[in-house]
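Visitor: Pasting the sequence and the predicted coordinates here, then a few questions.
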Amino acid sequence: MLKIIKPSEIDSVIGTETGLSEWITIDQEQINKFAEATLDNQFIHVDPEAAKPIFGSTIAHGFLSLSLAAGIPISQGMGLVIEGMKMGLNYGLDKVRFLSPVPVGSEVRIRTECMDITEKNPGQFLAKTKVTMEIKGVEKPAYIAETLSMYIL
């Protein structure tokens with residue numbers, strides 16, 4: 001669910017969970033399209049037979065999984081918005097760690113937590129969000145990352 005706050009309420013959301021997405025399935029077609037778009041056709045992603053002895057099946061690219069940190073919250077209407085915001089821009093990433101492979105057919109979801117929001121210039125807020133991709137049935141997440149977004153009012 002989308003959480004809308006006033007600039008005066010920023011301190012109240014720091015350290016709180018700001019979103020938990022629905023589960024989505026990572027399928028081979030999605031992996032193949034990402035491989036084609038990024039020119040990363042490593043066999044562990046696109047060749048089920050060659051990947052089987054190593055991972056049991058093909059696995060999603062780490063960067064495919066990471067890119068969903070932006071796409072899932074937007075498509076599912078979750079996250080944090082400052083009242084009067086015109087747009088949010090990707091600003092960067094900190095401390096990305098890939099912890100578990102995401103096998104084809106896995107169900108994943110995104111969990112977000114507001115770590116910090118700082119006004120950099122009048123009407124421009126830099127938000128740091130902890131993003132965790134969970135894999136259904138797997139204890140260790142696919143990744144934990146800190147994303148940076150610039151909110152423009």
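Guide: Good, I have the coordinates. Numbers count the residues shown, from 1 in each chain.

Visitor: where along this protein do the strands fall?
Guide: For the chain, the strands defined by DSSP state E cover 2-5, 17-20, 24-25, 79-82, 87-98, 107-121, 124-135, 143-152.

Visitor: packing partners for the longest helix along the chain?
Guide: Longest helix in the chain by number of residues (criterion: DSSP state H): helix 62-75. Using 3 or more CB pairs under 8 Å, 6 or more residues apart in numbering; DSSP states H and E as the contact test, the elements touching helix 62-75 are helix 28-38, strand 87-98, strand 107-121, strand 124-135, strand 143-152. All C-beta atoms are positioned from the backbone trio N, CA, C, and that covers glycine.

Visitor: With respect to residue 3, which of the ones you listed lies nearest?
Guide: Counting by CB to CB, residue 3 lies closest to strand 107-121 out of the helices and strands packed on helix 62-75; the figure is 9.1 Å.

Visitor: Show me which positions of that closest one end up buried.
Guide: For strand 107-121, a neighbour-count test (16 or more other CB atoms under 10 Å) marks 108, 109, 110, 111, 112, 113, 114, 115, 117 as buried.

Visitor: tell me the pLDDT at the fifth one?
Guide: Per-residue confidence (pLDDT) for residue 112: 96.

Visitor: I figured it hits residue 16, correct?
Guide: No: counting by CB atoms under 8 Å, residue 112 stays clear of residue 16, with 9.9 Å between them.

Visitor: who's in contact with the residue nearest the centre of the chain?
Guide: Residue closest to the mean C-alpha point of the chain, counted by CA atoms, centre = their mean, is residue 69 at 1.5 Å. Counting by CB atoms under 8 Å, 6 or more residues apart in numbering, residue 69 makes contact with 110, 131, 133, 145, 147.

Visitor: If we use 10 Å, what do you get?
Guide: Applying CB atoms under 10 Å, 6 or more residues apart in numbering to residue 69 gives the contacts 90, 93, 96, 110, 112, 129, 131, 132, 133, 143, 145, 147.

Visitor: Give the burial count for the closest residue to residue 119 other than its chain neighbours, as a bare number.
Guide: Distance criterion CB to CB, 6 or more residues apart in numbering; nearest residue to residue 119, sequence neighbours excluded, is residue 125 at 5.3 Å. For residue 125, the number of neighbouring residues by other CB atoms under 10 Å comes to 19.

Visitor: No more questions from me, cheers.
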